[in-house]
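Student: need the 3D shape of this:
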Amino acid sequence: MSDLAMESGSGRYRQLGRGDAACLAELQAASFADTQPWDAKAMAELLAMPGAFGFVVYLGKQPRGYLLARLAASEAEIVSLAVHPVARRKGLAQALLRLLVRQVAAQGGDRVFLEVAETNVPARRLYDGFAFREVGRRPGYYRGKAGEAVAALIMAYTFESSGS
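Tutor: Alright, predicted model coming up:
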């Protein structure tokens with residue numbers, strides 16, 4: 001995939017590189033204002049993990065979302081997926097998930113895992129609609145807006161059952 005070569009009705013995409021840490025940190029801070037976002041140093045460490053890959057999406061000239069994942073053997077894990085609030089409900093997250101599934105399949109993967117806060121209804125709807133299924137839960141994994149403990153749902157997308 002060449003830089004910014006992927007275009008659709010919902011933006012232009014390119015693969016993430018190690019130089020994207022500051023951009024990802026800014027997008028995460030804007031997208032998850034009620035949590036403690038990762039800073040550029042933490043993002044750089046994530047980008048340097050073995051098997052790390054992902055995509056950034058642009059609307060016009062502005063980066064408006066990203067998906068960061070890592071692949072180990074035949075399983076991928078979504079480390080972080082964020083879309084800036086001004087760019088939500090435009091299909092960016094769905095397009096990022098489609099790109100992820102294509103890349104994982106091309107590399108011989110058969111499952112994609114993620115964790116999502118039980119209270120994050122919009123994200124859960126996105127993942128449910130994309131054939132992710134709940135396979136476990138981690139009680140008290142996240143902190144809610146008022147500091148309360150919130151469970152993390154562990155979800156998996158399995159290529160055999162999804163028809164991909």
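Student: after the longest helix seen in the chain comes which helix or strand?
Tutor: The residue-count maximum for a helix in the chain (DSSP state H) belongs to helix 92-106. Note on helix 92-106: by DSSP states H and E, the next helix or strand toward the C-terminus is strand 111-117.
Student: that following strand vs helix 92-106, what angle?
Tutor: 150 degrees (axes from the mean of the first three to the mean of the last three Cα atoms, to 10 degrees).
Student: so where's the chain shaky on pLDDT?
Tutor: 1-10, 33-36, 161-164 (pLDDT under 70).
Student: which residues in it form strands?
Tutor: For the chain, applying DSSP state E gives strands covering 6-8, 11-15, 52-59, 62-72, 75-83, 111-117, 133-143, 149-158.
Student: dump those to JSON lines, plus mean neighbour count and distance to residue 23.
Tutor: Just so you know, the C-beta spots here come from the backbone N, C-alpha and C atoms, and that holds for glycine as well. Converted to JSON lines, the strands of the chain look like this (neighbours: other Cβ atoms under 10 Å; distance: least, Cβ to Cβ, whole Å):
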{"stretch": "strand 6-8", "mean neighbour count": "13", "distance to residue 23": "17"}
{"stretch": "strand 11-15", "mean neighbour count": "19", "distance to residue 23": "11"}
{"stretch": "strand 52-59", "mean neighbour count": "21", "distance to residue 23": "7"}
{"stretch": "strand 62-72", "mean neighbour count": "21", "distance to residue 23": "5"}
{"stretch": "strand 75-83", "mean neighbour count": "21", "distance to residue 23": "11"}
{"stretch": "strand 111-117", "mean neighbour count": "20", "distance to residue 23": "21"}
{"stretch": "strand 133-143", "mean neighbour count": "13", "distance to residue 23": "24"}
{"stretch": "strand 149-158", "mean neighbour count": "18", "distance to residue 23": "26"}
